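Participant: okay, structure incoming, though there's no sequence with it:
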């Protein structure tokens, strides 16, 4: 993954932010939207693309585009830098290969302990019953 090539492939768009803000919000486009086309990216190899498609499948559009937006700050530049940080951390997290789970078996002592407690519980229930009329 080449970060500089990735950053060159990003498409930014500044739009008006929603919510209150008076005249400032009506004049200034401080909200920033980021679009990244995962399919057409040259910075990622095919293995990384398939891994990202799998891990980011809920965030991708049907055309394979990742879309993020930020309106945390009133400054467009701060929103843009926050968005780039989020994007890079999202990709790094998506490229992590999950650790495979090793099957384990319960120890003999734990099996014995479980069976003993079952037996004690059964005996307790048995003693609570009315005696048979034989």
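Facilitator: Happy to help now that I have it. Note that the structure is predicted; figures quoted are calculated from it, not measured.
Participant: please count neighbours and contacts with C-alpha atoms only from this point.
Facilitator: OK.
Participant: the helix or strand containing residue 121 - contacts with which helices or strands?
Facilitator: Using DSSP states H and E, residue 121 maps to helix 108-128. Judged by 3 or more C-alpha pairs under 8 Å, 6 or more residues apart in numbering; DSSP states H and E, helix 108-128 is in contact with no other helix or strand.
Participant: quick check: mean pLDDT across it?
Facilitator: Helix 108-128 comes out with an average pLDDT of 97.
Participant: which parts of it are buried?
Facilitator: For helix 108-128, a neighbour-count test (16 or more other C-alpha atoms under 10 Å) marks nothing as buried.
Participant: what do you get for stretch 93-101?
Facilitator: Along stretch 93-101, these residues count as buried under the neighbour rule (16+ other C-alpha under 10 Å): 94-95.
Participant: what about it, start to end distance?
Facilitator: 19 Å (C-alpha to C-alpha, to the nearest Å).
Participant: and what of stretch 90-108?
Facilitator: Using C-alpha to C-alpha, the end-to-end distance of stretch 90-108 comes to 43 Å.
Participant: next one: stretch 17-30
Facilitator: First residue to last in stretch 17-30 (C-alpha to C-alpha) measures 6 Å.
Participant: residue 82 touches residue 69, doesn't it?
Facilitator: No. Under the criterion of C-alpha atoms under 8 Å, residue 82 is not in contact with residue 69, lying 9.7 Å apart.
Participant: between those two, point out the one with more neighbours.
Facilitator: Neighbours per residue (other C-alpha atoms under 10 Å) separate residue 82 from residue 69, with residue 69 holding more: 20 against 17.
Participant: which residues touch the residue nearest to the more buried one when sequence neighbours are not counted?
Facilitator: Using C-alpha to C-alpha, 6 or more residues apart in numbering and skipping the chain neighbours, the partner closest in space to residue 69 is residue 33 (4.2 Å). Neighbour list for residue 33: 12-15, 67-70 [criterion: C-alpha atoms under 8 Å, 6 or more residues apart in numbering].
Participant: many thanks, have a good one.
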